[in-house]
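Asks: Just to be clear, the model below is a prediction. Sequence and coordinates:
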Amino acid sequence: MDRRHVLAGAAASAVLAAPALSQGLVRWRMATTWPKSLDTLYGSAEALCRRVTQLSEGKFTIQCFAGGEIVPALQSFDAVQTGSVECSHILSSNFLGKDINFAFDGGLPFGLNMRQQTAWVHEGGGLNLLRDLYKKYNCVNFLAGNVGVQMGGFFRREIRTVEDLSGLKMRIGGFGGRILAKFGGVPQVLAASDIYSALERGTIDATEWVGPYDDEKLGFHRIARFYYSPGWWEGSAAITAIANTAAWESLSDVNKALFETACNEQNTLMMAKYDARNPDALRRIVGAGTQLRIFPRPMMEAMYRSSFEEFETLASQNADFKKLYEAWLPFLDNSNAWFRVAEYTLDSFRLTSRIPGR
């Protein structure tokens, strides 16, 4: 065989070997709904992606994008549904216009706290019910974080009675907007990057986002002087990673396990980051002149009654809501009964008692 045949054979072998070298490599994109400035939410999505790469030794990588980089923030769900991107990182409560039942995933007013939501999803049958829901939208869902109980938001004026909500234009996501509207409020859904300018221009009178650490970064305290608590519209706000069904089904069992493991890890670590950073952020916000307020109890009671009345109404009109509600409500009731025995009893004592010597 002459030299030309040897070189030709080597070249052919190299061409044939190239696909083999790429076999088993998976490249995904994650379109998040968060700006990069939020190292809790966007940072958690980035950490999830890095963890998948690490655990797979580079064989499964996910490139993370901030809201607006490849898809507008509030179109990220649609992008996964259509297969434009493989996955996203969302608060499903922002997509109730697509399906009101996503509230059982993101969080309902006066509903499950972070621990209860995790328990309902993983041990109370919630995951299978939510998977059935997301399947209708060509997606597979994974619990991937939680921000805990949120603050009630920044307001330009004080809220003393339920009547003060009439005409109030408020950026509020999720189910809470439906309840606010019943009392004359005007709910607005805005991406994080659009809230500050809307508040500054007076397009909205109030806004909620998450809590002190994120809210300080977004600068709301520089415009609105009253900071209210609690964010009653979600017992906790669960963060969801969604994957396109076809993309998910194309993964090996090992890669599926890696993705789920990374999601479960972030469900713990996101909450840890918020709990560690919110206290100091709240002190800084109040130190800068913000006035901390608690929503009046009569208003909270009115919101509570209205929320459960709305649940019952929707259950009578929406078969999917009824199915989810009839599974969720007994779990809430049973879990609350247990939390009152130990958690609440100890917390109500220790949180109202001064540490000796402090």
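Replies: Okay, I see it.

Asks: How confident was the prediction at residue 17?
Replies: Note on residue 17: pLDDT of 34.

Asks: what about residue 243, which helix or strand?
Replies: If you go by DSSP states H and E, residue 243 is part of strand 238-244.

Asks: hang on, I meant residue 85
Replies: Assigned by DSSP H and E, residue 85 falls outside every helix and strand.

Asks: so what's it up against?
Replies: Contacts for residue 85 (C-beta atoms under 8 Å, 6 or more residues apart in numbering) come out as 28, 29, 30, 31, 70, 71, 76, 79, 244. C-betas here are computed from N, CA, C, even on glycine.

Asks: May I ask which helix or strand of this structure has the lowest mean pLDDT?
Replies: helix 3-22 (a mean of 37; mean pLDDT, DSSP states H and E).

Asks: so residue 62 sits in a strand?
Replies: Yes - with DSSP: H, G, I helix; E, B strand; the rest coil as the criterion, residue 62 is located in a strand.

Asks: quick one: the helices in the stretch 151-300 of the chain?
Replies: 176-182, 192-201, 212-218, 245-249, 253-287, 297-317 (DSSP state H, counting those that start in this stretch).

Asks: Burial-wise, tell me which of those helices comes out on top.
Replies: helix 212-218 (a mean of 22; mean count of other C-beta atoms under 10 Å).

Asks: thinking in terms of the whole chain, how far from its middle is it?
Replies: Offset of helix 212-218 from its chain centre (C-alpha atoms, centre = their mean, to the nearest Å): 16 Å.

Asks: Please apply the same query to stretch 57-68.
Replies: That offset, for stretch 57-68, works out to 19 Å (C-alpha atoms, centre = their mean).

Asks: From residue 352, how far off is residue 345?
Replies: Distance of residue 345 to residue 352, computed by C-beta to C-beta, to the nearest Å: 12 Å.

Asks: And the two? Which one has more around it.
Replies: residue 345 (11 against 7; other C-beta atoms under 10 Å).

Asks: Backbone dihedrals for residue 51, please?
Replies: phi -70, psi -40 (degrees, to the nearest 10).

Asks: And for residue 72?
Replies: Dihedral angles for residue 72 - degrees, to the nearest 10 - are phi -50, psi 140.

Asks: Identify the residue nearest it in space, chain neighbours excluded?
Replies: In space, and not counting its chain neighbours, residue 72 is closest to residue 191: 7.6 Å by C-beta to C-beta, 6 or more residues apart in numbering.

Asks: Could you do residue 324 as well?
Replies: Per C-beta to C-beta, 6+ apart, closest to residue 324 is residue 104, 4.7 Å.

Asks: from the middle of its chain, how far away would the helix or strand hosting the one you found be?
Replies: For residue 104, the enclosing helix or strand under DSSP H and E is helix 103-106. Taking the mean of its C-alpha atoms, helix 103-106 sits 9 Å from the chain's own mean (C-alpha atoms, centre = their mean).

Asks: what residues does it touch?
Replies: 91-94, 96, 126, 129-130, 133, 141, 174-175, 234, 237-238, 240, 324-325, 328.

Asks: Render the CA-only coordinates of it in PDB, please.
Replies: Taking Å, rounded to 0.1, in the frame of the first residue of the first chain, the C-alpha atoms of helix 103-106 are listed here in PDB:
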ATOM      1  CA  ALA A 103     -50.900  27.500  41.700                       C
ATOM      2  CA  PHE A 104     -50.600  24.100  43.500                       C
ATOM      3  CA  ASP A 105     -47.000  24.000  42.300                       C
ATOM      4  CA  GLY A 106     -45.900  27.600  43.000                       C
END
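
Asks: quick one: the helices in the stretch 1-150 of the chain?
Replies: Under DSSP H, counting those that start in this stretch, the stretch 1-150 of the chain gives helices at 3-22, 41-55, 76-82, 103-106, 114-123, 126-135.

Asks: Quick check: closest non-adjacent residue to residue 180.
Replies: residue 187 (5.2 Å).

Asks: Kindly provide the distance from residue 293 to residue 210.
Replies: 18 Å.

Asks: sorry, back to before: can you give me the neighbour number for the residue nearest to residue 324?
Replies: The number of residues near residue 104, taken as other C-beta under 10 Å, comes to 28.

Asks: go on, the one 3 residues further on?
Replies: Here the number of neighbours of residue 107 (other C-beta under 10 Å) works out to 31.

Asks: Now do the contacts for it.
Replies: Contacts of residue 107 by C-beta under 8 Å, 6+ apart are 93, 117, 174, 175, 233, 234, 235, 236, 237, 238.

Asks: pretty sure the residue nearest to residue 72 is in contact with residue 73, am I right?
Replies: Yes - if you go by C-beta atoms under 8 Å, residue 191 and residue 73 touch, sitting 4.0 Å apart.

Asks: what do the two both touch?
Replies: With C-beta under 8 Å, 6+ apart as the test, residue 191 and residue 73 both reach 33, 67.

Asks: For those two, indicate the residue with more neighbours.
Replies: Set residue 191 next to residue 73 and count neighbours by other C-beta under 10 Å: residue 73 wins out with 22 against 19.
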